[in-house]
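Engineer: Quick one, what's the 3D model for this:
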Amino acid sequence: MNNNNSDMLFSDVYNNVLPFRNLILRLSKVAQVIHQQCWAEANAGNISIRISDMVKPFIKRIGLDNSYPCPDWFLVSRTGSRFRDMLDEPENCLMIIGENNKEYYFPEDSKPTSEWLCHLKLHSLNKNTKLSCILHTHPTEVIALSDTSFFQDCKINSQRLNQYLFETLPEIKLFLPKGIAVVDYAPAGSSKLADLSYKFIKDKQALIWEKHGLLVLSDNPDTALDLTEVINKAAKLWLIKGLEN
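Structural biologist: Predicted coordinates:
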């Protein structure tokens, strides 16, 4: 594939693969909600979704499966992109990545989010599950909670955090029966943050990054937003209760 065709692959998939087009529409609407909640200030926040089942048949149909023999394909937010622009400019905010020990970017000159290493590690843990979507945002109250002495204690025993959040908002247990994982602060986009996330997420679907934000795993963008909303509501209620005491 020449560079021009590489640049066109994203739009070709968008125009010819209806499930892919519908996914981007749903993702764009979710991104608008996240922006309106101020959970993705400036170019904060990122998302990746495994799309192998959508893309691989099309890649084979157009004769590119030998050129790009990738078992895994992902839709990924680009570095520097803004959630608020995704609805109007999805092609400038998102990219496709084919992964097979080496990575193929479409368009070729696009770059994935700085958190892509972390996303890829977590996708490898859930390769055979329905958890195909990873969403990272900056929910205000979650970040505030992660900067409290209470949270510092909970890093030693995350079960304590889960117990308090379950008591504060009982419905959170319906959405996240296995609870929420926590990790120490590490620089955004660093291999340390990726390694910590990989180590501590285990069988959970949510991870609080200290003084940074929240990462959730789900089967689609809408459910990922659901988890984000519920966790932030619990954090907000906990903080309000703390002010009253």
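
Engineer: Which other helices and strands does the lengthiest helix in the chain contact?
Structural biologist: Counting residues, the longest helix in the chain under DSSP state H turns out to be helix 221-244. The contact analysis (3 or more CB pairs under 8 Å, 6 or more residues apart in numbering; DSSP states H and E) places helix 221-244 against helix 18-36, strand 46-50, strand 133-137, helix 140-145, helix 158-168, helix 172-175, strand 206-209, strand 213-218. Any C-beta I mention is one placed from the backbone N, CA and C, and that applies to glycine too.

Engineer: Out of the ones you listed, which gets the lowest mean score?
Structural biologist: With a mean of 92, helix 158-168 has the lowest mean pLDDT of the helices and strands packed on helix 221-244.

Engineer: And that one, what's buried?
Structural biologist: By neighbour count with 16 or more other CB atoms under 10 Å, helix 158-168 contains the buried residues 158, 161-162, 164-166, 168.

Engineer: chain center to it: distance?
Structural biologist: Distance of helix 158-168 from its chain centroid, counting by CA atoms, centre = their mean, to the nearest Å, is 23 Å.

Engineer: Also stretch 140-153?
Structural biologist: 21 Å.

Engineer: for stretch 127-144, same thing?
Structural biologist: What separates the centre of stretch 127-144 from the centre of its chain is 5 Å, taken as CA atoms, centre = their mean.

Engineer: do stretch 84-95 as well
Structural biologist: Relative to its parent chain, stretch 84-95 has a centroid offset of 16 Å by CA atoms, centre = their mean.

Engineer: pLDDT (mean, whole number) over that stretch?
Structural biologist: In the prediction, stretch 84-95 has an average pLDDT of 96.

Engineer: Can you list the neighbours in contact with that stretch?
Structural biologist: 10-11, 14, 24, 27-29, 31-32, 35, 40, 75-78, 81-83, 105-107, 110-112 (CB atoms under 8 Å, 6 or more residues apart in numbering).

Engineer: What subset of those is buried?
Structural biologist: Neighbour counting by 16+ other CB under 10 Å classes 10, 14, 24, 27-28, 31, 35, 40, 75-78, 81-83, 105-107, 110, 112 among those as buried.

Engineer: and the protein, what are its domains?
Structural biologist: 3-113, 140-244 (automatic domain parsing).

Engineer: For those domains, give me JSON lines that also has distance to residue 125.
Structural biologist: Shown next, in JSON lines, are the domains of the chain (distance: least, CB to CB, whole Å):
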{"stretch": "domain 3-113", "distance to residue 125": "12"}
{"stretch": "domain 140-244", "distance to residue 125": "7"}
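
Engineer: Distance from stretch 19-34 to the middle of the chain?
Structural biologist: 13 Å.

Engineer: Then stretch 176-192?
Structural biologist: Mean-position distance between stretch 176-192 and its chain equals 12 Å (CA atoms, centre = their mean).

Engineer: right, and the helices and strands packed on helix 221-244 - which one's nearest residue 67?
Structural biologist: helix 18-36 (19.5 Å; CB to CB).

Engineer: which helices and strands sit right next to that closest one?
Structural biologist: helix 3-16, strand 46-50, helix 52-61, strand 72-77, helix 90-93, helix 221-244.

Engineer: Could you list the residues in contact with the last one?
Structural biologist: By CB under 8 Å, 6+ apart, the surrounding residues in contact with helix 221-244 are 23, 26-27, 30, 33-34, 39, 47, 49, 133-135, 137, 139-142, 144-145, 148, 150, 164-165, 168-169, 171-172, 175-176, 180, 205-206, 208, 214, 216-218.
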